Each structure stands twice: as structure tokens, then as C-alpha cells.
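1. No sequence on hand, only this structure:
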């Protein structure tokens, strides 16, 4: 049997369950998952592999972005880049999109691509898709999945494998992501900021790892960067309790990931309107540096 490999991009609207689906396919926590929209900001690779059989490289993407300036421009460019040089597209459709008569954004986009597409209804543990409506939108098969109980994930993996070409091992077969430990730490901290804070704060929140030393313990100093000064009090909390909670939750997850103790120090920094300032966006990794 030949070895199959290739790149699989997952697209869909914000909160459609793209990150949860990729994590389920890879069977590792690669992308952070929160209840907040626009959690995914950068293209994230998750790698599922089986010796002598296949290597599937999944690309998690930001949800559809309408804005074209500042941070939104970066998110849109990350989404656009994810369509290039891929072998398969997974177009996700969230449960609430079946309430609308309008064709879902992911379906509209996928129909314009020459790349093979698999259409996937997500979060079907919450609501089963209306197949009558689906038949009005497309004559293609629709796979129903649930990242909660794993429904449909094996069927989806089999369909991906069928569509992938023969190819090489793009990455070491033992790794499940291309993220560095430093990048993973930043995402874990951002995840717990999103989980603990009000919905208004996270969009203008970023995490910058200032120092990262591997060892026992790992020593990590990170800035929680805010776009508005009046959000600082929310992040710190009364007598610093919110910041302590974010730090404690983050440290526990990092210790689980690293398999050793972690010393984590968090600071709250305000860079007013950083989401519209190119220099600050470059420093935080949300803009490509100009040559």
C-alpha cells in the first residue's frame, strides 16, 4: 500500500467548531478552544499520522472576516494563505447556519475552489442538521460530526485519506504540530484569558512571551497585552484575583503539557489600539514584517 500525505484546510464561520474538529482528528490539543468568537488568529498546523500509511497535515484557520484593516487584515490574510497548495478543503457548517435560508459562507467559498471539498456539519450533539435544507444548497454528501462524542470523525478521516495523493513525510512522524513550546505557551495563556474574561476584552488581547527557559521548572515571563486602558482593571481583578486565576489555570495546563513544574509570571501591559498599529502588531506576531 502506498503512503499518502497532504495538507487539509478547515474553513468555516467563527465558532463553527473548526479547532475542536482538528483536535479530534489529530487526537491532541493543538488549537485552543473557547466559547469566544475569533479565538483562532493564526494558521495552526495539526498533524495526524500512522506509520507506513499516511500523514494528514490539518490547517486550522480564522473564521470569515469582513474587516480589512488592522488585526482583521492579518486574520483575513491568514485565511487567504490557507487556500494555497492544499490537497483537501473541509467546509464546516455550524448548527445555527441551518436556521438560515442563505447558503453558508463556507459552502459558497468551497464551490469556487478547484480543490476537492468535504462538507461537514459540526456540533451535531447540539443540533442535528436539516438535510432537507442541505439538499437545496448542494448535491454533495454531508458528513455529520460531533467533536464532543466523536461521531462521524472516523468517517471523515477515511474520506480525507481517500482524497489525499501519494506523497512524502512532510514532518517527523512523531510530532503533532509545528508550533514551538514558546508559541504553545502563549496560546495556552491566551486561552485562559478568553475563558475567564468578559467577551469585550479578548479581541483586543494578546500574549507576548518575554522570556522562555526550558528546564525543571520551565520559567516563563509573559505580558498580557491590552488595546484599551479601561480593560486593565478587568484583567487584574479585585486585589489581583483575576490575574491570579488566569495564571493558575495557565500554569496547570502548561505543567500537564510539559510534564514538569512551571514558574509562570504574568504582567498586564496596555498598548492603546495595538490592533491598528502596524509596529505593535509586528512585535506581537500579527503582521508580516516589511523587508
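-> Here it is on my side, so go on. As the structure is a computational prediction, the values presented were derived from the model and not from experiment. Numbers count the residues shown, from 1 in each chain.
2. what about the strands in the stretch 1-150 of the chain?
-> Ranges of strands in the stretch 1-150 of the chain, per DSSP state E, counting those that start in this stretch, are 4-11, 44-50, 54-60, 88-93, 117-121, 142-144.
3. mean confidence for the shortest one?
-> Confidence over strand 142-144, taken as the mean pLDDT, stands at 93.
4. my read: residue 8 touches residue 85, true?
-> No: assessed by CB atoms under 8 Å, residue 8 is found out of contact with residue 85, at 11.8 Å. Yep, even glycine has a C-beta here, placed from its N, CA and C like the rest.
5. Out of the strands of the stretch 1-150 of the chain, the one nearest residue 258 is which?
-> strand 44-50 (18.7 Å; CB to CB).
6. if we can go back for a sec, tabulate the strands of the stretch 1-150 of the chain (CSV), appending mean neighbour count and distance to residue 169.
-> As requested, the strands of the stretch 1-150 of the chain are exported to CSV (neighbours: other CB atoms under 10 Å; distance: least, CB to CB, whole Å):
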stretch, mean neighbour count, distance to residue 169
strand 4-11, 23, 7
strand 44-50, 21, 8
strand 54-60, 23, 6
strand 88-93, 25, 18
strand 117-121, 23, 23
strand 142-144, 18, 27
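7. Out of those strands, flag the one nearest residue 23.
-> Across the strands of the stretch 1-150 of the chain, closest to residue 23 is strand 44-50 (CB to CB), at 7.0 Å.
8. Can you give the contact residues for that closest one?
-> 19, 22-23, 25-28, 30-31, 54-60, 157, 169, 171, 173, 175-179 (CB atoms under 8 Å, 6 or more residues apart in numbering).
9. Which of these fall in helices?
-> Per DSSP state H, helices hold the following members of these: 19, 22-23, 25-26, 157.
10. Give me the buried entries from those residues.
-> Burial by neighbour count, judged by 16 or more other CB atoms under 10 Å, picks out 19, 22-23, 25-26 from those.
11. and the helix or strand containing residue 189, what does it pack onto?
-> Residue 189 is located in helix 181-196, with elements delineated by DSSP states H and E. Secondary-structure packing of helix 181-196 (3 or more CB pairs under 8 Å, 6 or more residues apart in numbering; DSSP states H and E): strand 205-213, strand 218-226, helix 241-258.
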